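**Student:** Next come a sequence and a model predicted from it.
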Amino acid sequence: MKIAPLRNAFLALIELLSVGKPSFGQETRKDDAKSRQERVENGIEPVDLGGGQPAVKLSVADLMKAFHDPGLTVAVIDGYKIVWAKAYGVTDYESKAPVTTKTLFQAGSISKPVAATGMMAMVQQGKLSLDEDVNVKLKTWKVPENEFTKDEKVTLRRLASHTAGLTVHGFPGYDVNEKVPSLVEVLNGTKPPANTAEIRVDFVPGTKWRYSGGGVTIEQLLMMDVSAKPFPSLMKDLVLEKEGMADSSYEQPLPAAWQARTATGTYRDGKSVHGKWHIYPEMAAAGLWTTPSDLARFAIDIALSKQGKSNKVLTEKSVNEMLTHPPSAPDFGIGFAVSAKDPGEFGHNGADEGFQALLVMNYDTGQGFAAMANSDNGVFVANEYLRSVAEEYNWKYDKEPRDEGGRFMLIMGLRGGDAAFAAYDDLAKTKKPDESILNMIGYMLFSEGKTDDAIKVFAKNAQMYPESGNVYDSLGEAYAAAGKKELAIENYEKSLKLDPKNANATEWLKKLRAQK
């Protein structure tokens, strides 16, 4: 299954019209925080069911129910200030303990820009260099040299902008009962206790962009080697305390006193993550525990530093470096996604096991938004909420309606599979839907344990897109889950024939053939 980079979540916003002055006889619009908050909560865009049916109005509670999201917290930024923050729902479905704005959530990949800020602070101090070969200062492990590093080297700038040529996109974390590997074991990969592949250079550094949590893990090790400090305490000193992020920590696992404040990770089917959450030794890439309010404080200070109005952590020069993208990364700077489309916008998304988060800020307008959810569907809830915030606060974006993926996710969550199929057939009358639509519906059914229904959906997608390796990969996965090994092998072979670089299909074929 191939998923588009999460950084695009905050780029698909609709054009928003400013609210005019009330005409004679109309009630004066109230712009206090409470009134604006209520308008945001009631302003979620209705969902079109297709087939001439009336659009369904949505509330925040409807969104959370549709996406099996127990809890959500948000912070809204306007005029470079947090104008309000609010919590919704519960920390988990069993305890039903209410979420508060102090409840801790895993930030996933939003850990990366915060870590990059710490790295840039060390660059300011002269302890690190953005463009030096990282092997010069790495002590406990070195990036293995190969044909790709002969002329171009792995540097911090390239690691943090995902242009260093490193493998391993992201990390699944470790169950609370599993042995957690050392950072060197993670970097070497391929064997237990590490659960991801080795982190290596497989294309010439600096020549193209490819997201790599593996590369950011090398960044973490370099910071630790040079400072001789554990990463959590290093980041506390460099960034968290200076930014006033009192509810944030890179400790993995958290100390007992902090554990009592956490939400419980939740899968797409509504089941809780075993042990509440996973442990991430890859702290710079995925290990931050925090709140939306702390993330908002962080984003505001980056924006102010960009304008030369703050230097709590970084100077204007350093932030300019972070928010400038290299030629090989048109939508990414150092640590942050940087919008090539909307001037001033930067941010990041995050996803850990059972948690998702969203952070977006504009250094020109002083507007921004942070949201965290204990759900594998949390980014969909956050993005819908963001659209309503953007309308209320008159954010300026090119007009882009809710994408079809988001629409079908909502239909599935609100009305179920049959309604989604009907809407798909209605859409197909006017245009050929993108293959991702049925693939998404299939995986939603799959995650809910409806494997037979998922197989039907994936098979239909294969009929619609017979030249796509991805559709056969998905069908193979569903057949494997159903115990139909021969059909799984057949479809993975089709996928690999169409896409010889499909590592997932290659790995699954090895497993399935070994079982015969």
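**Tutor:** Yes, it's here. Numbering: from 1, shown residues only.

**Student:** what number of residues lie near the closest residue in space to Val180 that isn't next to it in sequence?
**Tutor:** The shortest distance from Val180 to any non-neighbouring residue, by Cβ to Cβ, 6 or more residues apart in numbering, is to Tyr174 (5.0 Å). Bear in mind the C-beta positions are built from the backbone N, C-alpha and C, glycine included. Residues lying near Tyr174 (other Cβ atoms under 10 Å) number 22.

**Student:** My read is that Tyr174 contacts Asn195, right?
**Tutor:** Yes: Tyr174 is within contact range of Asn195, at 6.9 Å (criterion: Cβ atoms under 8 Å).

**Student:** Do me a favour and get the end-to-end distance for stretch 197-216?
**Tutor:** In stretch 197-216, first residue to last residue: 15 Å (Cα to Cα, to the nearest Å).

**Student:** Can you show me the strands along the stretch 101-250 of the chain?
**Tutor:** In the stretch 101-250 of the chain, the segments counted as strands under DSSP state E, counting those that start in this stretch are 105-106.

**Student:** for the stretch 1-150 of the chain, which spans come out with low pLDDT?
**Tutor:** 1-28 (pLDDT under 70).

**Student:** Can you show me the helices along it?
**Tutor:** For the stretch 1-150 of the chain, applying DSSP state H, counting those that start in this stretch gives helices covering 33-41, 60-66, 111-124.

**Student:** would you turn these into a markdown table with mean neighbour count and distance to Thr73?
**Tutor:** Converted to a markdown table, the helices of the stretch 1-150 of the chain look like this (neighbours: other Cβ atoms under 10 Å; distance: least, Cβ to Cβ, whole Å):
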| stretch | mean neighbour count | distance to Thr73 |
| --- | --- | --- |
| helix 33-41 | 16 | 13 |
| helix 60-66 | 19 | 12 |
| helix 111-124 | 25 | 17 |
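
**Student:** How is this structure partitioned into domains?
**Tutor:** With domains defined by automatic domain parsing, the chain comprises 105-392, 406-515.

**Student:** Please identify the most buried of those domains.
**Tutor:** Among the domains of the chain, the stretch with the highest mean neighbour count (mean count of other Cβ atoms under 10 Å) is domain 105-392, at a mean of 21.

**Student:** That domain: end-to-end distance?
**Tutor:** By Cα to Cα, one end of domain 105-392 lies 26 Å from the other end.

**Student:** pLDDT wise, what is the residue nearest to Val180 at?
**Tutor:** Predicted confidence (pLDDT) for Tyr174: 98.

**Student:** so where's the stretch 201-350 of the chain uncertain?
**Tutor:** Along the stretch 201-350 of the chain, no part satisfies pLDDT under 70.

**Student:** Identify the residues contacting stretch 467-481?
**Tutor:** 1-2, 435, 439, 442-443, 446, 451, 454-455, 458-459, 461-462, 464-465, 485, 487-492, 494-499, 502, 504-505, 508, 512 (Cβ atoms under 8 Å, 6 or more residues apart in numbering).

**Student:** With stretch 44-63 instead?
**Tutor:** 14, 41-42, 69, 72, 88, 380-381, 384-385, 387-388, 402, 407, 410-411, 414-415, 419, 422-423, 426-427.

**Student:** quick one: which of those sit in helices?
**Tutor:** Among the contacts of stretch 44-63, the residues falling in helices (DSSP state H) are 41, 380-381, 384-385, 387-388, 407, 410-411, 414-415, 419, 422-423, 426-427.

**Student:** Wait, Ser305 touches Asn311, no?
**Tutor:** Yes: between Ser305 and Asn311 there is a contact under Cβ under 8 Å: 6.3 Å.

**Student:** Show me where the stretch 201-350 of the chain has its helices.
**Tutor:** 213-227, 231-235, 256-259, 283-286, 292-306, 316-322.

**Student:** Give me the nearest residue to Lys139, chain neighbours excluded.
**Tutor:** The shortest distance from Lys139 to any non-neighbouring residue, by Cβ to Cβ, 6+ apart, is to Asp225 (4.4 Å).

**Student:** Correction: the previous question concerned Leu410.
**Tutor:** Nearest to Leu410 is Val47, by Cβ to Cβ, 6+ apart, at 4.5 Å.
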